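Peer 1: the sequence and its predicted three-dimensional model are supplied below.
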Amino acid sequence: GGNLDELKMELERAMDAVVDIHIEHDLIVDKFIGDAIMSFRGGDLVTGGPRDHAERVVRATLHGHNALTALDNPYFREMKVGGASGSDALIGTFGTSKRLSYTILGDRVNLAARLEAACNSLGLFTLFCSQTRALCDKADDVVWRKVGAMKVKGKQQIEEVYEAFLKDTAGDMAWRDRFEAALLDYNAQRFAEARTGFAEVEGMRGRSDGPSEVYIAMCDDALKSGVPDDWSPVLTPGK
């Protein structure tokens, strides 16, 4: 039991650190699912419009990650976050006649869960939908990297997905511009140029970059096997 007790205590510490930040940014902490935290912003219990909701969620995500990093927890050092915005979510008290809970339901909630799962195969800790990115266009403390068009598991539509960073800790973002230029090459089927660009991103960052790795593999594939008739520049992580 000793080890389990320690694990439980450390999980509690890690979740405390993150949840404190969510509360500070006035998010609604919905539920805990194992070592996951589900939070949202919207509905009648809070003020503000869609832009305010989206900005608070993104800031809480990034500051929450910093709080977890600062904790230097022996077991729980990393987090993955999927975020989606939508105008058609249902927020309210749902459940059965015996047990009710205040929560959020809808397709965009499902999308957020799928984006969180896709973080793994891309080696990222955040993935946000294009709607969140657009709603945060006035938030000058946040910078973004367009990761590309993605088909998430169980969904038909293609989503443009983005990674978020806090401007004051992001450092020099020249690598991001190089990545987005390589992405344009890739989308235009200029695979050799794109491959060079994605490799340069890794050089500029001085470490591996998950999305660049995935695109390099896809460039190699296209250069070796040619482009099928139904090709589209879509990431399918976790395939």
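Peer 2: It's in.
Peer 1: what about Asn110, distance to Ala117?
Peer 2: 11 Å (C-beta to C-beta, to the nearest Å). Every C-beta, even on glycine, is put in place using the N, C-alpha and C of the backbone.
Peer 1: the more surrounded of these two?
Peer 2: Ala117 (17 against 14; other C-beta atoms under 10 Å).
Peer 1: quick check: buried residues in whichever strand or helix holds Leu183?
Peer 2: Assigned by DSSP states H and E, Leu183 belongs to helix 174-187. Within helix 174-187, the residues scored as buried using 16 or more other C-beta atoms under 10 Å are 175-176, 178-180, 182-183, 185-186.
Peer 1: what sits up against the helix or strand following it?
Peer 2: Going down the chain from helix 174-187, the next helix or strand is helix 191-205, by DSSP H and E. The set of residues external to helix 191-205 that reach it, using C-beta atoms under 8 Å, 6 or more residues apart in numbering, is 174-175, 178-179, 181-183, 185-186, 208-209, 212-213, 215-216, 219-220, 222-223.
Peer 1: where are the low-confidence patches of the chain?
Peer 2: 1-2, 237-239 (pLDDT under 70).
Peer 1: that one: strands as residue ranges?
Peer 2: 28-33, 36-40, 81-83, 90-95, 100-105, 126-129, 142-151, 158-166, 234-235 (DSSP state E).
Peer 1: most tightly packed of these?
Peer 2: Mean neighbours per residue, mean count of other C-beta atoms under 10 Å, is largest over the strands of the chain for strand 126-129, with a mean of 26.
Peer 1: identify the residues contacting it?
Peer 2: Residues contacting strand 126-129 (C-beta under 8 Å, 6+ apart): 58, 61-62, 65, 80-85, 108, 111-112, 115-116, 118-119, 147, 159-164.
Peer 1: repeat that for stretch 34-51.
Peer 2: Residues outside stretch 34-51 that contact it (C-beta under 8 Å, 6+ apart): 11, 14-15, 18-19, 22, 26-32, 52-54, 56-57, 60, 76, 85, 87, 89, 91-92, 102, 104, 109, 116, 135-136, 138.
Peer 1: check stretch 75-83 too.
Peer 2: The contact list for stretch 75-83 (C-beta under 8 Å, 6+ apart) reads 7, 10-11, 14, 18, 35, 57-58, 61, 64-65, 68-69, 111-120, 124-129, 132.
Peer 1: buried ones among those residues?
Peer 2: The buried subset of the contacts of stretch 75-83 (16+ other C-beta under 10 Å) comprises 11, 14, 18, 57-58, 61, 64-65, 68, 111-119, 124-129, 132.
Peer 1: tell me which of those residues fall in helices.
Peer 2: Among the buried ones among the contacts of stretch 75-83, DSSP state H puts 11, 14, 18, 57-58, 61, 64-65, 68, 111-119, 132 in helices.
Peer 1: please name the nearest non-neighbouring residue to Leu223.
Peer 2: Nearest residue to Leu223, sequence neighbours excluded (C-beta to C-beta, 6 or more residues apart in numbering): Phe191, at 5.2 Å.
Peer 1: that neighbour: how many residues sit nearby?
Peer 2: Phe191: 19 neighbours (other C-beta under 10 Å).
Peer 1: any idea how far it lies from Ser232?
Peer 2: Using C-beta to C-beta, Phe191 is found at 14 Å from Ser232.
Peer 1: if I look at the closest residue in space to Arg176 that isn't next to it in sequence, how far off is Ala194?
Peer 2: Residue nearest to Arg176 in three dimensions, not counting chain neighbours: Arg145, with 4.8 Å by C-beta to C-beta, 6+ apart. Counting by C-beta to C-beta, the gap from Arg145 to Ala194 is 16 Å.
Peer 1: center of this structure, which residue is that?
Peer 2: Leu127 (1.9 Å; C-alpha atoms, centre = their mean).
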